[in-house]
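Student: Task: produce atomic coordinates for the following.
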Amino acid sequence: MTVLLVEDDALLAETLVDSLGLEGHDVCHLADGEAARTRLAVPGHGVELVLLDLNLPGCSGLAVLEALRRHDRDTPVLILTARGAVEDRVRGLDLGADDYLAKPFALDELEARVRALLRRRSPDPQLRVGALTLDTRHQRFMLDDAPLALPPREQRLLACLMHHAGEPVDKARLAEEAFQGDAMGDNAIEVYVHRLRKRLAGSGVALRTVRGLGYLLEVE
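Tutor: Here you go, the predicted structure:
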């Protein structure tokens with residue numbers, strides 16, 4: 001299980017990395033809010049649980065959470081807050097956090113909450129659209145049971161479209177969800193869509209243009 005720990009207190013972070021590692025988790029630690037927002041910006045980011053401090057350099061934990069929930073409503077988020085910070089806890093829960101834990105806390109309680117949140121998560125890490133599969137843990141695509149190698153930006157675009165399979169996604173939403181933080185014009189998105197169509201040709205998976213609504217990924 002890949003756990004993203006976003007915590008700027010170095011001593012606490014070291015303790016949590018060790019503790020969660022003993023529980024069998026692969027822990028990625030970031031101490032900066034902006035770095036966390038970038039790490040989670042890509043659909044199919046491969047993180048299965050986020051432990052999120054709210055008072056971070058770069059940008060706040062609430063800003064990280066808000067950005068994540070724009071494209072990912074499923075990955076569990078446990079916010080870590082100062083005791084008595086009621087307004088922050090309420091705001092975090094309203095933005096889509098799944099649980100919170102006030103500092104200081106017992107490691108046993110944190111580990112129990114982590115186990116509970118991971119139990120609620122679907123055990124299947126794969127997205128499927130016909131013959132197209134995305135392993136969200138490792139950001140790997142398969143088409144007709146063969147690996148589909150894609151450049152990074154095509155990966156991000158296709159992952160976003162797979163998350164919204166069956167519904168049209170307009171260019172503005174694609175730019176926000178797939179390319180958050182990158183300057184991305186309409187023409188560039190059209191180029192990437194054209195390339196993906198060529199890659200998907202003959203597979204039974206179609207990437208259509210729905211006039212006035214955007215792009216639709218579906219099974220033919």
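
Student: could you pull out the strands for the chain?
Tutor: 2-6, 26-30, 49-53, 77-82, 99-103, 126-129, 132-135, 140-143, 146-147, 205-210, 214-219 (DSSP state E).

Student: and the shortest one, which strands flank it?
Tutor: Each strand paired with strand 146-147, and its direction, by DSSP bridges: strand 140-143 (antiparallel).

Student: returning to that earlier point: out of the strands of the chain, deepest packed?
Tutor: Of all these, strand 49-53 has the most neighbours on average by mean count of other C-beta atoms under 10 Å, namely a mean of 25. C-beta coordinates here come from the backbone N, C-alpha and C atoms, glycine included.

Student: what's it packed up against?
Tutor: Under the contact definition 3 or more C-beta pairs under 8 Å, 6 or more residues apart in numbering; DSSP states H and E, strand 49-53 sits against strand 2-6, helix 61-69, strand 77-82, helix 107-120.

Student: repeat that for 6 Å
Tutor: On a contact count with 3 or more C-beta pairs under 6 Å, 6 or more residues apart in numbering; DSSP states H and E, strand 49-53 meets strand 2-6, strand 77-82.

Student: For residue 27, find the nearest of those strands.
Tutor: Smallest distance to residue 27 across those (C-beta to C-beta): 5.0 Å, for strand 2-6.

Student: what is the mean pLDDT for the closest one?
Tutor: The pLDDT scores in strand 2-6 average 94.

Student: Parallel or antiparallel, which strands does that strand pair with?
Tutor: Strand 2-6 sits in its sheet next to strand 26-30 (parallel), strand 49-53 (parallel), going by DSSP bridges.

Student: Name the surrounding residues that touch the first one.
Tutor: Residues lying outside strand 26-30 but in contact with it, judged by C-beta atoms under 6 Å, 6 or more residues apart in numbering, are 2, 3, 4, 5, 6, 13, 17, 20, 21, 36.

Student: do the same with stretch 41-52
Tutor: Counting contacts by C-beta under 6 Å, 6+ apart, the residues outside stretch 41-52 that touch it are 1-6, 61, 71, 76-79, 117-118, 134, 136-137, 139, 156, 159-160, 163, 180.

Student: Just the endpoints, please. Distance across that stretch?
Tutor: With C-alpha to C-alpha, to the nearest Å as the measure, the ends of stretch 41-52 fall 15 Å from one another.

Student: rewinding a little: spatially, which two of the contacts of strand 26-30 are the most separated?
Tutor: Taking C-beta to C-beta as the measure, these span a maximum distance of 19.2 Å, between 21 and 36.

Student: ok, these two, which is more surrounded?
Tutor: Neighbour count, other C-beta atoms under 10 Å: between residue 21 and residue 36, residue 36 has more, with 29 against 12.

Student: Who is the closest residue in space to that one that isn't next to it in sequence paired with across the strands?
Tutor: Closest residue in space to residue 36, ignoring its immediate chain neighbours: residue 6 at 4.3 Å, by C-beta to C-beta, 6 or more residues apart in numbering. Beta-bridge partners of residue 6, counted by DSSP bridges, are residue 30, residue 52.

Student: So residue 6 sits against residue 37, correct?
Tutor: No. Between residue 6 and residue 37 there is no contact under C-beta atoms under 6 Å: 9.3 Å.

Student: which residues do the two both contact?
Tutor: If you check residue 6 and residue 37 against C-beta under 6 Å, 6+ apart, no residue is contacted by both.

Student: if we can go back for a sec, got a markdown table for the strands paired with strand 2-6, with distance to residue 199 and mean pLDDT too?
Tutor: As requested, the strands paired with strand 2-6 are arranged in a markdown table below (distance: least, C-beta to C-beta, whole Å; pLDDT from 0 to 100):
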| stretch | distance to residue 199 | mean pLDDT |
| --- | --- | --- |
| strand 26-30 | 30 | 94 |
| strand 49-53 | 31 | 96 |
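
Student: All set, thanks.
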